Structures are given as C-alpha cells and as structure tokens.
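# here is my input, please return the structure:
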Amino acid sequence: MHTGLTLLFQNLDGVRSDEEVVRDELALAERAEGAGFDSVWTPEHHFTGYGMTPMVPQFLSWLAGRTSSIKLGTMVSVLPWQDPVRTAESFCLLDHLSQGRAVMGVGRGLGRVEFDGFRLEMGESRDLFREYSEAIVQALESGVMEYDGDFYQQPSVPLRPKPYASFRGRTFASAVSPESIDLMAQLGIGVMVIAQKPWDKVEEELRSFRARFREINGQEAPKPVICVFVGAGRTRAEADRMRQVYLQRYARSTVEHYEFDNVGFAKIPGYEYYAGLSRNIEKHGVEGFCNFLADLQVWGTPDEVVERLLGYVERLDAGGVLLAPSFGGMPPDVTRANFELLADEVLPRLRAHDVGGDLGVLHGAEGAAATGDGAEATTLAAGAQS
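Numbers count the residues shown, from 1 in each chain. This next block holds a predicted model:
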C-alpha cells in the first residue's frame, strides 16, 4: 500500500519562530525518502500560522533536487487563488525537475481569511474551481492552455516546457460534493479523503462518485487516498497525550482557521455543508466538535495505529494513506519521536498491506517523457510498492 508523509509547516502559538518551524519541517522532508515513505505532500495555505505553505510547487521543487524517487504531491493546490496558466506552468516545471514525480491535488478552498487576502469572493469559488480545473486538466494533456467560460476566458497559449508526461491517473480532488461529482468523474480525477467528516458521510459520497465515474468512463474509479493526523506512543500515557493535547489543539486550530462555528456560511453559495456544521456547533458547542474531529484521527501504540489505519483503508477501499506526524503545537522532540516511531514500526506494516487493484491517483510517470504535443504518455506505478 502506498504510504505518504504530510507536512503542514504549522506555527500555531508563536512559541517558536517561523524560521525554526520551517527548518524542522524541511528536515523531516529530507528524511522521508530514506525512511521509506512513498511520497511527501503539503497543503496550500496563506497569511496565518495554520500552514506556512504559500508556494507548494516551489517547496516540492526544492525537495525534488534532494531526492530521487519519492512522489511529490500538493494537498491541495487551491485553484481559485491562482491564475490557471501559472498553476499549469508550475506543475509542468515541477514534473520536469523531478522527472515525472509530481502528483497534482486540486481543491476550491475554505478559509475566509485566505479568500479575503486575495480579494476574492468565496461565493464564486465553486464556479471558478469548475472552470479552472477543466482548463488545467485539459492543458496538461494538450500542452496548450485555452478556455472560453463564463468566468474564465483564456486565448490559446502554449505551455513551455511542454508537459513532461500525462497527469492522467495522478490527479485528485480533496473532496467530492454532490455538485462536483459529475465534474470529477468527467475529468477522471481521483479523490483524497481528509479526515474531517463523519465516515458514513464519506462512504455515501464515495459510493455516488464511484457510480458516476463508472457510468461516464466505463471503468472503476481509482482508489481514494486518506490523509490522517497520526500520533504514536510507546506507552499508554504517551499515546493518550497525543489525543488529549496535540490532536485536540489541532482540532481547535482547524475550527479557528476555517471558522467552522461561523453561521455566516449560510449566506455563502457553495458552502451549504459548512453552514449546517456551524449550526450544529452553535447547538452543541465547540468542545464537542473538537472531540469529534480529534477522534476521526489516529493515535495509540504502534499496533493500535496500524489496526485503526487499516480499518479506515478497508472501510473506504482506499489505495493509500498519508500520515501527518507534526501538528497541534508539538515540540520538536515530540515530533521527531513520533516520526521515528511511525517510520520504524508503522510504515513497514502499512506498505506491506495489499490493497489490490489500481492505485489510480498514486501512479507516476518516471521515464515517460511526453510526446511532442504533450498528449498521452505512459505512466508507471508510484514508489516501490510492497
């Protein structure tokens, strides 16, 4: 099973300098390949310490120069925040620099502080995401960016360097809402599940997506990949501290950053799910939601962590998992101990697990140079699969 590493570059409480946080996260990134991880992923965030990751392809390009085989993923690139031409160019260049190791994740964004910082209307994000994703996916196949939509008009321009290889099979979306199911199925995009919703809700969305994908494409959808925050401890006390201190702080930071308790979501088109969530929090309290969000993640002894992660994999019929080992204001020594325990005692058992079937979004393209027009290129399986 494909097993990746997620790095967040969080600086939540101002106890450490941004320089220290960035330095320590870069050190984990450099250790990932040697530790046996198949991929490294980073989300895109701006303007706050929730995630100091404004230019993810730039970070991944840095990592590409220090590694030889590990996959390099965005979790995710928020399309409404960038000009589509620049997004496509960034992935073209990253793919050349890494010789086909880029994995493209796309999403439409949720943080109001970030939309405000870019002077964008959140209520337009669904339409922007739909048109931008169509334009980018098509451009990375054809080598030409052109689009004539209601929100986005782009005269034909070539991408140079031309796409290194096809991104088919290594592109995913961070969520599948009822409104986006058709679009994701039509574009052949896989799904990343970030543990923030009830699992029965995720199962329902995946069933709808898989049925529509099969209907449109005449084949099964690629297996999803799951991103989970993970805290391992050798003792019960260490494991419980992961839950009570760091996962709780992560959960509260997520509520604060995304304003999940803001009933104003009800007035923003495209964010109906979060309007319902905010009303639920208003009724039952923030503390209850933080407990729910923390409990969606994974903590425990190594044996317990493996058992729970594989339970999630089986439940969603997933093709891989991404482990986030640093979160919630962890001190550097706690992060390092968590990383090492995961790498030594959890990672080998996850990679040895046979998920069966096509890994879909976790396919790569090493050695598969694109044709002259950037179209169809052969792709190879990601990482050294066990």
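
# next, residue 323: phi, psi?
phi -110, psi 120 (degrees, to the nearest 10).

# around it, how many other residues sit close by?
Neighbour count for residue 323, taken as other CB atoms under 10 Å: 26. No exception for glycine: its C-beta is placed from N, CA and C like everyone else's.

# for the stretch 1-150 of the chain, what are the low-confidence residue spans?
Within the stretch 1-150 of the chain, no stretch has pLDDT under 70.

# which parts of it are helices?
18-35, 56-64, 84-98, 112-117, 125-142 (DSSP state H, counting those that start in this stretch).

# which residues of the stretch 251-386 of the chain fall in strands?
298-300, 320-324, 363-364, 380-381 (DSSP state E, counting those that start in this stretch).

# compare these and say which comes out lowest on pLDDT.
Of all the strands of the stretch 251-386 of the chain, the minimum mean pLDDT falls on strand 380-381 (a mean of 24).

# tell me what the longest strand along the chain is packed against?
Scanning the chain for the longest strand, with DSSP state E as the assignment, gives strand 225-232. Counting contacts by 3 or more CB pairs under 8 Å, 6 or more residues apart in numbering; DSSP states H and E, strand 225-232 is packed against strand 2-6, strand 190-194, strand 298-300, helix 302-316, strand 320-324, helix 332-341.

# that one pairs with which strands, and in what direction?
strand 190-194 (parallel), strand 298-300 (parallel), strand 320-324 (parallel) (DSSP bridges).

# dump these to JSON lines, plus distance to residue 140.
Listed next are the strands paired with strand 225-232 as JSON lines, based on distance: least, CB to CB, whole Å:
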{"stretch": "strand 190-194", "distance to residue 140": "15"}
{"stretch": "strand 298-300", "distance to residue 140": "34"}
{"stretch": "strand 320-324", "distance to residue 140": "22"}
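
# right, and those strands - which one's nearest residue 340?
strand 320-324 (12.6 Å; CB to CB).

# show me what counts as buried in that closest one.
Of the residues in strand 320-324, 320, 321, 322, 323, 324 count as buried by neighbour count, 16 or more other CB atoms under 10 Å.

# helix 302-316 and that one, what's the angle between them?
Taking axes from the mean of the first three to the mean of the last three CA atoms, to 10 degrees, strand 320-324 and helix 302-316 form an angle of 130 degrees between their directions.

# pretty sure residue 260 is touching residue 274, no?
Yes: under the criterion of CB atoms under 8 Å, residue 260 makes contact with residue 274 at 6.6 Å.

# got the buried residues for stretch 259-268?
259, 260, 261, 262, 265, 268.

# among those residues, give me the pair with the biggest separation.
261 and 268 (14.6 Å).

# between the buried residues of strand 320-324, which is nearest residue 341?
Nearest member of these to residue 341, counting by CB to CB, is residue 323, at 11.1 Å.

# list the contacts for the residue lying closest to that closest one once chain neighbours are set aside?
Of all residues not flanking residue 323 in the chain, residue 230 sits nearest, at 4.7 Å (CB to CB, 6 or more residues apart in numbering). Applying CB atoms under 8 Å, 6 or more residues apart in numbering, we find residue 230 in contact with 297, 298, 299, 305, 309, 323, 324, 325, 338, 342, 346.

# try it again with 10 Å
6, 242, 247, 297-300, 305, 308-309, 321-325, 327, 338, 341-342, 346 (CB atoms under 10 Å, 6 or more residues apart in numbering).
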